[in-house]
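*Asks:* Compute the structure for the input listed below.
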Amino acid sequence: MNILMLTDKMEAGGAETHIETLALALTARGHSVTVLSAGGAIADRLEAAGVKQIRRSAGRSPFRLLSLRRAIAREARRGQYDILHAHTRTMGVLLSLLHSCLHGSNRTAHPAHVVTVHAAKFGVPTDRMCKNASVIAVSEDLREGLLSHVCAPAECIHVIPNGIDTDRFSPPPPSLSPAPHSVLFASRLDPDCARVAELLPEVIPELLGQFPDLFVTVAGGGRMLESVREKADALNRRVGREVLRAVGAVDDMTALYRTHRVTVGVSRVALEAAACGCAVLLAGNEGYGGILRADDPTPALSNFCCRGAEPVTARLLCDDLARLLASPPPSLRDTVEKSFSAARMTDETEALYRSLLPPVSAKKPIRLLVGGYAGCGNLGDDAILQGLVVRLREEHPEVRLTALTGSPVRDTRRFGIPCVSRRWLPSVLLAMLRADIFLLGGGSLLQDRTGRRSLAYYLFLLRAARLLGCRTGTLAAGIGPLLSPRSERAVLRALRPCQILTLRDSESLRFLVLHGLERSRLELTEDPARFLPPPPATRCAAILARLGAPPEARFFCVAVRPTAPARHEPLRVLAAAVHRVAGEHGLIPIFPILDPAHDLRAAREVIRLSDCGGRLFLPDEPSDLPALLGGAALLVSMRLHALIFADTVGTPAIALSPSMEEPKLAVFARHAGFPHFSAQTMSVVALCSEMEGIIENKNKY
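*Replies:* Sure, this is the predicted structure:
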């Protein structure tokens, strides 16, 4: 790939080091990387390492910005880049202004736009830069902030944590082990990030009483450097020796990390120090995170910046430094290598880049149009389309996919494919005229339990596509329930001429075979929702934090849907079981909502009846649900796709069918080996017994 990275001044800093690490790693993998910046020490290092540099000063005047915009446009056209990746708000906004210009050029393949958000700065510039780009957030709290403040859909915001070059940042050899009572604080020394440097002269005298050989180093340049040096000199004179020194800006921090036992800092400093074997104390102007431990996921949610934590004080700093100097915790290097390495960051960034490029295939392109319920607010149907996009890109790049959806403008951004309004007949027919194949699905579209109008609409789509010259069929479809003979005949009449019939369950296949369709024409296939890309490892902890639960909280999930007015008994039985299990096992019940328009009222009713602190959870995107289920002790579900996700991530589940007319939950439960209850057979005792058996069995392991 040919990649242009855009940023401002490339001097020492967390974002700048991030760019350096990524650019070097991508170059080592054979990609062509160019960095356009205002220059600086890191730009010089990159140039010496063979990464091409283009130096353009941004400035703040409108004329300088206009000149920079023209320079970027010229370079983007000249370089024929695949990816344009902005790392600052200024560059991100300029890139968004260039979007229509670049995409109106004569290139057959337009460059994909990516922006990385490194800091919690939201507002009009951030909203503007995210408008037409795929967004990388370096932490979960930045993703939450972007979802609250910008118009980008959740599917376009990707969490890729900072990556540390663990070859460069590595522990010292045994012969050069650091002094036992040595402390390093590293940060820019500007008013917005030098609070710890100001507190250290207050803390050191008390620590000297316990550790007479203590020495402390402050590393970093900035406007407050001279003030810090003056305080250090005054303290050293009082003590009678150099106990605190301020060394200013340092190009290569590795040597300092290796000569200190404890490092105080945030963000990349914390990760670099941990990779070098230091004990780490998280403290900065944004908050106090305390001692960094391998089993605590909370610091990673804010990129180890402690956003939202309590303010740092001299007392907190002194107490925790004393603990670390007396007894350092085990090394955190393994944690950095596993979850925050440069290799992992590069893998994830490279995968995002590739997902934004047009698929390449030597085969003749196939124009596929799919019609279903995606974009209408149901998470399961959105997951089907998103999973299908991923699967086709990986295994059938020759397929050019278009979808009929409920919100085509937004869905085009969300799913990264052309989307057409399923409600506007002219656009539907035009899309069919352009397609080679039309597939109906996935999901249970061919049913009349929710009414005959929706069934008539889907059967019309099949007939219209056939008349307009498309090959037709179904995509991972579920057939039924079909409550009337008339609906049954209409479905069979529409499916018999189809050339492609893929089904998601054996009961649907059995139904069609019993009604005369040849078995050789039918194919069982996985629900496409199973092919969703895995969520970040930090997502479950981020969801729990959003719900006000601690990261170590034990919980189970309950996915409900409405029942008929005359059949509220299943919800009352479920509420009683939730109350008992939550109380006796100390678990928090969490209620994920798969279809807010229909499920919210039922979930609130079960929470009210159970009266045990249940939490509502509305996923921002389909992958949030498997992320949550991956940490759950159990799922109890009336929704099929919640069961599918539980099966995918290996969480035990119980299926509850609210009515006998809808067999899909029972069929899937039998296939997955999950216990199943119907509305007619469910009782509090039986459901509690099954739930407790699963929880107790899981606790053994």
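
*Asks:* What distance do you get for the closest residue to S339 other than its chain neighbours to A559?
*Replies:* Once flanking residues are discounted, S339 sits nearest to A537: 6.3 Å by CB to CB, 6 or more residues apart in numbering. Every residue, glycine included, has its C-beta placed from N, CA and C. Relative to A559, A537 is positioned 23 Å away (CB to CB, to the nearest Å).

*Asks:* separation between P485 and V491?
*Replies:* Applying CB to CB to P485 and V491 gives a distance of 11 Å.

*Asks:* Give me the more crowded residue out of the two.
*Replies:* The neighbour comparison of P485 against V491 (other CB atoms under 10 Å) goes to V491, with 23 against 8.

*Asks:* How about the more buried one: what's its closest non-neighbour residue?
*Replies:* Using CB to CB, 6+ apart, the nearest residue to V491 is L446, at 5.1 Å.

*Asks:* follow-up on the earlier one: touching, the residue nearest to S339 and F340? I think so.
*Replies:* No. Counting by CB atoms under 8 Å, F340 is not a contact partner of A537; they are 10.4 Å apart.

*Asks:* Show me which of the two is the more surrounded one.
*Replies:* The neighbour count for A537 versus F340, taken as other CB under 10 Å, is higher for F340 (24 against 15).

*Asks:* State the distance from the more buried one to N162.
*Replies:* 6 Å.

*Asks:* shared neighbours of these two, anything?
*Replies:* Any residue near both F340 and N162 by CB atoms under 8 Å, 6 or more residues apart in numbering counts here, and that gives L271.

*Asks:* what's stretch 184-195 in contact with?
*Replies:* Contacts of stretch 184-195 (CB under 8 Å, 6+ apart): 12-13, 196-197, 200, 216-225, 228, 246, 250, 253, 256-257, 260, 262-266, 269, 273, 278, 284-285, 312.

*Asks:* Off-centre distance for it?
*Replies:* 30 Å (CA atoms, centre = their mean, to the nearest Å).

*Asks:* quick one: low-confidence ranges for the chain?
*Replies:* Along the chain, segments meeting pLDDT under 70 span 100-109, 565-568, 661, 699-701.

*Asks:* Tell me both backbone torsions, phi and psi, for the residue lying farthest from the centre of the chain.
*Replies:* In the chain, counting by CA atoms, centre = their mean, G240 sits farthest out from the average C-alpha position, at 52.7 Å. Per-residue torsions, G240: phi 90, psi 10 (degrees, to the nearest 10).

*Asks:* Can you give me the buried ones in stretch 609-627?
*Replies:* 609-610, 612, 614-615, 617, 619-627 (16 or more other CB atoms under 10 Å).

*Asks:* end to end, how far does that stretch reach?
*Replies:* 27 Å (CA to CA, to the nearest Å).

*Asks:* Tell me who's in contact with P551.
*Replies:* P551 touches 296-298, 541, 544-545, counting by CB under 8 Å, 6+ apart.

*Asks:* Just give me the closest of these to P533.
*Replies:* A541 (18.7 Å; CB to CB).

*Asks:* need the helices for the stretch 201-350 of the chain, in chain order.
*Replies:* For the stretch 201-350 of the chain, the helices defined by DSSP state H, counting those that start in this stretch occupy 225-239, 254-258, 267-275, 298-301, 314-326, 333-339, 342-356.

*Asks:* any chance of the ones you listed in TSV, plus distance to L147 and mean neighbour count?
*Replies:* What follows is the helices of the stretch 201-350 of the chain, written out as TSV (distance: least, CB to CB, whole Å; neighbours: other CB atoms under 10 Å):
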stretch	distance to L147	mean neighbour count
helix 225-239	38	16
helix 254-258	35	19
helix 267-275	21	28
helix 298-301	14	23
helix 314-326	31	18
helix 333-339	23	17
helix 342-356	18	18
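
*Asks:* Looking at those, which is nearest to G469?
*Replies:* helix 342-356 (31.4 Å).

*Asks:* Give me the contacts around the next helix or strand after that closest one.
*Replies:* Next in sequence after helix 342-356, counting helices and strands by DSSP states H and E, comes strand 366-371. With contact meaning CB under 8 Å, 6+ apart, strand 366-371 is reached by 385, 388, 392, 396, 398-404, 422, 428, 431-432, 434-441, 458, 461, 465, 470, 475.

*Asks:* what about stretch 676-693, distance to the chain center?
*Replies:* For stretch 676-693 - counting by CA atoms, centre = their mean - the centre lies 35 Å from the chain centre.

*Asks:* Now do the buried residues in that stretch.
*Replies:* 676-679, 682, 687-688, 690-692.

*Asks:* Can you show me the CA trace of it as CSV?
*Replies:* Extracted in CSV, the C-alpha atoms of stretch 676-693 (Å, rounded to 0.1, in the frame of the first residue of the first chain):
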residue,chain,number,x,y,z
HIS,A,676,-34.6,-24.5,25.9
PHE,A,677,-37.9,-23.5,27.5
SER,A,678,-41.1,-22.5,25.8
ALA,A,679,-43.8,-20.2,27.3
GLN,A,680,-45.9,-23.2,28.1
THR,A,681,-43.2,-25.3,29.9
MET,A,682,-41.4,-22.6,31.7
SER,A,683,-41.5,-22.3,35.5
VAL,A,684,-39.5,-20.4,38.1
VAL,A,685,-38.2,-23.5,39.7
ALA,A,686,-37.1,-25.1,36.4
LEU,A,687,-35.6,-22.0,35.0
CYS,A,688,-33.7,-21.2,38.3
SER,A,689,-32.4,-24.7,38.5
GLU,A,690,-31.0,-24.6,34.9
MET,A,691,-29.5,-21.1,35.5
GLU,A,692,-27.9,-22.0,38.8
GLY,A,693,-26.5,-25.3,37.4
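
*Asks:* Identify all contacting residues around it.
*Replies:* 556, 563, 567, 569-570, 573-574, 576-577, 580-581, 584-585, 634, 636, 654-660, 665-666, 669-670, 675.

*Asks:* Would you mind listing which of these are buried?
*Replies:* Applying the neighbour count, that is 16+ other CB under 10 Å, the buried entries in those are 556, 563, 570, 573-574, 576-577, 580-581, 585, 634, 636, 654-659, 665-666, 669, 675.

*Asks:* mind listing what G248 touches?
*Replies:* Counted by CB under 8 Å, 6+ apart, G248 has contacts 219-221, 225.

*Asks:* Out of the residues you listed, grab the one that's most surrounded.
*Replies:* Highest neighbour count within the contacts of G248, by other CB under 10 Å: G220, with 26 neighbours.

*Asks:* how far away is it from A197?
*Replies:* In terms of CB to CB, G220 sits 8 Å off from A197.

*Asks:* and if you look at A219?
*Replies:* Distance from A219 to A197, by CB to CB: 10 Å.

*Asks:* what's the overlap in contacts for the two?
*Replies:* 185, 246.

*Asks:* Return the residues in contact with I19.
*Replies:* I19 neighbours (CB under 8 Å, 6+ apart): 5, 7, 10, 35, 42, 87.

*Asks:* ok, and the closest non-adjacent residue to the fifth one?
*Replies:* Okay, so that is I42. In space, I42 is closest to M10, 4.1 Å off (CB to CB, 6+ apart).

*Asks:* if we can go back for a sec, between the buried residues of stretch 676-693, which is nearest I54?
*Replies:* Checking the buried residues of stretch 676-693 one by one against I54 (CB to CB), the nearest turns out to be M691, at 61.3 Å.
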